[in-house]
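# task: produce atomic coordinates for the following.
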Amino acid sequence: MTTTQRPPTLDPLAVSRWQRTAPLASPWLHEEVANRMLDRLQWIKLKP
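Here you go, the predicted structure:
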């Protein structure tokens, strides 16, 4: 990419629409999976 080219940006209309319609909290299943993975992280990091 040359210095005169710009990377693509987000469409302002799409951003505003997403901000209006995006859920305020993540789905409960995502939270449950994340918590279970966090519980296993210490076990996974153990060296044999």
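# pLDDT below threshold where in this protein?
When residues are selected by pLDDT under 70, those of the chain lie in 1-7.
# spatially central residue in it, please.
Taking CA atoms, centre = their mean, the centroid of the chain lies closest to Ser26, which sits 10.2 Å from it.
# could you pull out the helices for this structure?
Per DSSP state H, the chain carries helices over the ranges 12-21, 28-45.
# and Asp39, how far from Pro48?
Plainly put, Asp39 is 20 Å away from Pro48 if you go by CB to CB, to the nearest Å. Heads up, the C-betas are built off the backbone N, CA and C, glycines and all.
# these two - which one has more neighbours?
Applying other CB atoms under 10 Å to Asp39 and Pro48 shows that Asp39 carries more neighbours, namely 9 against 2.
# and Leu41, how many neighbours?
Counted with other CB under 10 Å, the burial measure for Leu41 works out to 9 neighbours.
# I'd like to know how far it sits from Ala34.
From Leu41 over to Ala34 (counting by CB to CB), the distance is 10 Å.
# and Arg36, how many residues sit next to it?
Counted with other CB under 10 Å, residues neighbouring Arg36 total 10.
# my bad, should have said Val33
In terms of burial, Val33 registers 11 neighbours under the definition other CB under 10 Å.
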